[in-house]
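**Student:** any chance you could fold what I've pasted below:
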Amino acid sequence: MNHLVESLERRIHGQSRNIRLLVTALVAGGHVLLEGVPGLGKTSLARELAALSGCGWRRIQFTPDLLPGDITGSVTYSMQEQSFSVVKGPVFTNVLLADEINRSGPKTQAALLEAMEERQTTIQGTSYELPEPFFVVATQNPVEYDGTYPLPEAQLDRFLFKLVLDYPGEQAEIGILRSHRRAGSIREAAPEPAVSPAELLELQRRVEDVVVQDAIYGYVAALVRATRDTDGVQLGASPRAGIALLRAASAWALLEGRDYMTPDDIKEMALPVLRHRLLLTPQAELEGMTGESIIRQTLASVPVPR
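**Tutor:** Got it, this is the predicted structure:
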């Protein structure tokens, strides 16, 4: 895992923590919602992750006229061969970048989110398994809200993480400029994969073997339950959020070189796992409260097991 992280950090500047979290989500078998303004390298991040993990990748630009069949595929009739054939859509890949997912309508969003949840999709009544590993990186813009269809809470819950990309620091931005200039003058060869798809699947299986003490289960339950009893929260974290938190923390422990989980792993994963699963009251939002502030408040108030 660390070899994959280091290889990504050499090619993507200024996003070290998000790179670690992206790899964690991949190993945990989850999907990621990336939020950030245009130009921060969301597409490059997904493309490089696919290349360095030896996986195929596709990109779908979500637009208002995108149809579910444009994602999943369709059945076409060949006049020449006098027969029907299945044309599989771009969802049949290992790493899928769903760009500006909130630009398409709910029906199109649901087609992708069903594939994310079930690891299969249906074309004209027939189900087809998706390749393994299957990892979706969906992006949305936090600024441009006109003409968008915000993901409802039930669909946001399908994402293991929500990551927020910010502008890079000065030195990282200088590194971006230098690497872009080199890439413009010399055609870069495709990077050598740091891991193989088979090794990724083995890492995903190892997540199940990470040791979790009883006290950790109690800590996770206390955290998610506390979000439901906090003033200003209309909809708190569900039991699914607790399951996601445990799985993410297991993958994070592996990334840290351990086969056991600690409370610190839970605290590290709480923000990316829970920030998109809380629905605040309108009054709380007017007062400047955010999901992140609620999570930090919860982490500070719930006793940490020794």
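**Student:** now the most centrally placed residue in the chain: how far from Leu274?
**Tutor:** Taking CA atoms, centre = their mean, the centroid of the chain lies closest to Val32, which sits 0.8 Å from it. According to CB to CB, to the nearest Å, Val32 stands 14 Å off from Leu274. For glycine as for every other residue, the C-beta is placed from the backbone atoms N, C-alpha and C.
**Student:** can you give the domain ranges for this protein?
**Tutor:** 2-185, 208-301 (automatic domain parsing).
**Student:** average pLDDT across the last one?
**Tutor:** Here domain 208-301 scores 94 as its mean pLDDT.
**Student:** quick one, strands of the stretch 151-300 of the chain?
**Tutor:** 161-164, 233-235, 279-280 (DSSP state E, counting those that start in this stretch).
**Student:** what would these look like in TSV with mean neighbour count?
**Tutor:** Converted to TSV, the strands of the stretch 151-300 of the chain look like this (neighbours: other CB atoms under 10 Å):
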stretch	mean neighbour count
strand 161-164	21
strand 233-235	15
strand 279-280	17
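**Student:** Serialize these to JSON lines and add fields for distance to Val210.
**Tutor:** Output for the strands of the stretch 151-300 of the chain, formatted as JSON lines (distance: least, CB to CB, whole Å):
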{"stretch": "strand 161-164", "distance to Val210": "18"}
{"stretch": "strand 233-235", "distance to Val210": "29"}
{"stretch": "strand 279-280", "distance to Val210": "30"}
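**Student:** what comes up buried for stretch 104-117?
**Tutor:** Ser104, Thr108, Gln109, Ala111, Leu112, Leu113, Glu114, Ala115, Met116 (16 or more other CB atoms under 10 Å).
**Student:** what's around Gly84, how many residues?
**Tutor:** Careful, residue 84 is Phe; it's not Gly. 10 (other CB atoms under 10 Å).
**Student:** isn't it up against Ile123?
**Tutor:** No: counting by CB atoms under 8 Å, Phe84 sits too far from Ile123 to count as a contact (11.0 Å).
**Student:** what touches both of those two?
**Tutor:** Residues touching both Phe84 and Ile123 by CB atoms under 8 Å, 6 or more residues apart in numbering: Val75.
**Student:** quick one: which of the strands of the stretch 151-300 of the chain is nearest Ser179?
**Tutor:** strand 161-164 (21.7 Å; CB to CB).
**Student:** if we can go back for a sec, select, out of the strands of the stretch 151-300 of the chain, the one closest to Leu40.
**Tutor:** Closest to Leu40 of those is strand 161-164 (CB to CB; 10.1 Å).
**Student:** chain center to the closest one, what's the gap?
**Tutor:** Here strand 161-164 is found 7 Å from its chain centre; the criterion is CA atoms, centre = their mean, to the nearest Å.
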